[in-house]
Each structure stands twice: as structure tokens, then as C-alpha cells.
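J.: okay, sequence plus prediction incoming.
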Amino acid sequence: MDKVILEKWATGTPTFSVEFFPAKEEKDARQLLRAANAVKKLPIDFASITYGAGGSSRERTLDYGELIADIFGFRVMPHLTLVGHSKAELLAILERYKKAGFFSIMALRGDPPKGETAFTPAPDGLKHASELVALIRENYGDAQLIGVGGYPEKHPESPDIETDLRFLKEKIDCGANFVTTQMFFDNEKYFSFVERAREAGIRVPIIPGIMPVLSFKQLARINALSQAHVPAELRDALEAADRAGDKEAGIEIGLSWAEKQIRELIRRGAPGIHLYIMNRGCFAQNLCARLGDFTALRR
Ligand SMILES: Cc1cc2nc3c(=O)[nH]c(=O)nc-3n(C[C@H](O)[C@H](O)[C@H](O)COP(=O)(O)OP(=O)(O)OC[C@H]3O[C@@H](n4cnc5c(N)ncnc54)[C@H](O)[C@@H]3O)c2cc1C
């Protein structure tokens, strides 16, 4: 198992990681590579790459994960969702991830396919992310770090946060090493989640996932997907910029909100930051320039 990241967390050194999504078409591939090139100059500890909801896009996680590792030298963590896969298919993908030498896997269930409201396991498939974590550990021992998703404002299917935390603990008990959170815009949601997770016996690092939201339209899209609470101050400012047709002002509002969030998270002890960059490297660059040395933010 790659010890570098674990050691950083153990010694209280915050990590910085970014998330890419695999390109669908040639123009998207150019954007992904440009973003990776921009991020390469930043002090990033690892890069994650998401897993598609279905079809051929799923192959691209492996392809682009390998590509950005080869070209830019990133430590790469591909995501894997169990939705729509039999156990045998998952094992075949895991074998390919192992051959590619990825240091970590983000093990997820995935959402129900478009048009379906409830999750149904594939024939001979798995039901919960905890089973995927267990499958990886049973077959590969401690070869890779395993990350899992966590929801400061609870997973939408969960009746309450206690139930959700019980199942989060199950993922850790099956062998996950860390949690990356769903995006949130109100840091108190994260701090309260961490406190309750600790009370529930979850001891692993819980990495906050931060997304700079750069326009009112983007906020509306995110809201529909994630149900994250949006503080009125942020929403009103983005709405005013939108009404004024001032795109630059929207970008500035989103970046300074993310900067404020990150400064406070690190100062109050978060083990790192995972930045949802949406394949736009310039915003990650801008944020890093504002923040300076991550370790110094701790003081
Ligand atoms: C950091 C992060 C990265 C993500 N990346 C991707 C991606 O690349 N591709 C993608 O398609 N989606 C991605 N997602 C979205 C994710 O797939 C969805 O949120 C999905 O609905 C839940 O996945 P999970 O791994 O959290 O599922 P689980 O941990 O299995 O939980 C799903 C629901 O089931 C409940 N549950 C868990 N275990 C049990 C149990 N034993 N019995 C009963 N109920 C249980 C949970 O409380 C929760 O309500 C990501 C989410 C996060 C937070």
C-alpha cells in the first residue's frame, strides 16, 4: 500500500487532491489534458477520475486515468461504481486497475440509471458500496488505499444522518481507509458531520470535497443534483451577478467563497481538500495562488 498519503494524514499534513471526469469527445479530451497540465504545476498529492453512469464511457476512466498518470506523473485514484456490473465484471475491472498500478480506488455504489428512481442490483452483482470495499480487500489485500463517499447532509436515500453514518461505518469496517465528502457550501455541515462520525466510531480521515460554484446557473444545476444547503449570502451574490450579466463577478464570488471555505477547513483541522474542478484547471490554479502553502493554513 502506498504509504505517502497515509503518512501525511497521520502527521497532520493536509493533502490536496483534484477530481477529473473522463472525456467523451475529442474536444473534451483537449480540455481534460489542458486542465491536467495546469494542475500539474500545483502541489497536488493525487488526482481522482470519476466513473460513468453506464455504457462505453466507463472504459474511459481506466484509459484517461492511465494517460494522466503516464503524461503528468499523477498518483491516480480511479472511481468504480458497482451499479450495472456483475461481481465477475467488477473483478475484471479491478484486475485492470491493479495492472495499471493505481495507488487507490474510490469505491462507490453509483446512482440508479437515468429514468429509474430506485437502485436495483445487477444480476450476480452487489448491493452496497461496503460490499465493493470488501470485494477489493478480499481479492487484493492491502495493495491499494480505498476511499468511500460520505454525505455531510446525508445521502438522499437515507432516512436520517444516524442511519447513513451506520452504513458509512460499515464501509470503513469492510476496509476503507478514508472518506471523501459530497460537496457542501456551509462548513458547519462538514464539522458537525465529522463530529457525529467520530461519535459513531469512524476514525479514518474525512476529506472535504469542495466545488467552486461560479455562476447562478451552475448553482441551480448543482442544487438539483446534490441537495446541498446553499447559504443565502452565496446564493444572493451569485443571483445579483447573474441579473447584472456580470460573468466575471460570478466567478470571483465562487472562487472567494471556496477560498474562504478551504482556509477555515484546514485551519480547523480538516485532513485535506478534494477539489471538484470539473476539468477546469485555471480555477484550481487561481485558488492555489490565493491560498499559498496549504500547511501554513493550519496555523
Ligand atoms: C466522493 C464521491 C465521489 C463520487 N463519484 C462518483 C462517480 O465517479 N460516479 C458515479 O456514478 N457516482 C459518483 N458518486 C455518487 C454516488 O455514486 C451516489 O451518491 C450513490 O447514490 C451512492 O453511492 P455510495 O457509494 O455512497 O453508496 P452506499 O454507501 O452503498 O450508500 C447508498 C445508500 O444506501 C444506504 N446503505 C448503505 N449500505 C447499506 C446497507 N447495508 N443496508 C441498507 N442501506 C445501506 C446508504 O445509507 C445510502 O443511503 C460520488 C459520490 C461521492 C460522495
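T.: On my side now, so go ahead. Numbering: from 1, shown residues only.

J.: the stretch 51-200 of the chain: helices as residue ranges?
T.: 57-72, 87-100, 129-140, 161-173, 187-199 (DSSP state H, counting those that start in this stretch).

J.: which residue is the nearest non-sequential neighbour of M211?
T.: Y276 (3.9 Å; CB to CB, 6 or more residues apart in numbering). (Glycine included, C-beta is placed from N, CA and C.)

J.: got it, and L91?
T.: N139 (6.5 Å).

J.: again with M1
T.: In space, M1 is closest to D142, 4.8 Å off (CB to CB, 6+ apart).

J.: how many other residues sit next to the one you found?
T.: Neighbour count for D142, taken as other CB atoms under 10 Å: 10.

J.: same check on D236?
T.: By other CB under 10 Å, neighbour count at D236 equals 13.

J.: renumber starting at 13 from here on
T.: Got it, the first residue is 13 from now on, which makes the last one we talked about D248.

J.: what is the subsequent helix or strand relative to the host helix or strand of it?
T.: In this assignment (DSSP states H and E), D248 forms part of helix 244-255. Downstream of helix 244-255, the first helix or strand assigned by DSSP H and E is helix 259-279.

J.: figure out how far that next one is from the centre of its chain.
T.: 18 Å (CA atoms, centre = their mean, to the nearest Å).

J.: just checking, what packs against it?
T.: Packing contacts for helix 259-279, counted by 3 or more CB pairs under 8 Å, 6 or more residues apart in numbering; DSSP states H and E, involve helix 199-211, strand 218-222, helix 244-255, strand 284-288, helix 293-303, helix 306-309.

J.: would you mind listing what in the protein touches the ligand?
T.: When proximity is defined by CB under 6 Å from any ligand atom, the chain lies next to the ligand at 62-63, 65, 91, 93, 118, 120-123, 140-142, 161, 167, 169-170, 175-176, 179, 182-183, 192, 194, 221.

J.: please report how far A155 lies from A35.
T.: 28 Å (CB to CB, to the nearest Å).

J.: the two - which one has more neighbours?
T.: Higher neighbour count among A155 and A35: A35, with 19 against 14, using other CB under 10 Å.

J.: before we move on, back to that, pull the contacting residues for the residue nearest to M223.
T.: Residues in contact with Y288 (CB atoms under 8 Å, 6 or more residues apart in numbering) are 31, 195, 221-223.

J.: if we go to 6 Å?
T.: Taking CB atoms under 6 Å, 6 or more residues apart in numbering, we find Y288 in contact with 31, 195, 223.

J.: could you list the low-pLDDT ranges of the stretch 63-212 of the chain?
T.: Within the stretch 63-212 of the chain, no range satisfies pLDDT under 70.

J.: ok, now with 80
T.: The model of the stretch 63-212 of the chain has pLDDT under 80 over residues 66-68.

J.: can you tell me the closest non-neighbouring residue to R310?
T.: Here the residue nearest R310, using CB to CB, 6+ apart, is I278, at 5.8 Å.

J.: count the residues that sit near the one you found.
T.: Around I278 there are 22 residues (other CB under 10 Å).

J.: that one against T25, yeah?
T.: No. Using CB atoms under 6 Å, I278 makes no contact with T25, being 10.6 Å away.

J.: run through the residues that contact the residue located most distally from the centre of the chain.
T.: What lies farthest from the middle of the chain is A256; by CA atoms, centre = their mean that is 32.4 Å. Neighbour list for A256: empty [criterion: CB under 6 Å, 6+ apart].

J.: quick one: it and A249, what's the gap?
T.: 11 Å.

J.: just I173 next, same as before
T.: For I173, the distance to A249 equals 29 Å [CB to CB].

J.: got it, and L120?
T.: 33 Å.

J.: still on that earlier bit, now restrict the residues of the chain next to the ligand to buried residues only.
T.: 62-63, 91, 93, 118, 120-122, 140-142, 161, 167, 176, 182-183, 192, 194, 221 (16 or more other CB atoms under 10 Å).

J.: picking up where we left off before, of the contacts of Y288 - the most surrounded one?
T.: M223 (23 neighbours).

J.: quick check, that one in contact with Q194.
T.: No. Judged on CB under 6 Å, M223 makes no contact with Q194 at a distance of 9.6 Å.

J.: need the overlap of contacts for these two.
T.: Counting by CB under 6 Å, 6+ apart, nothing touches both M223 and Q194.

J.: if we can go back for a sec, distance-wise, check the residue farthest from the centre of the chain relative to the ligand.
T.: Distance, A256 to the ligand, using CB to the nearest ligand atom, to the nearest Å: 34 Å.

J.: and if you look at E19?
T.: E19 is 22 Å from the ligand, by CB to the nearest ligand atom.
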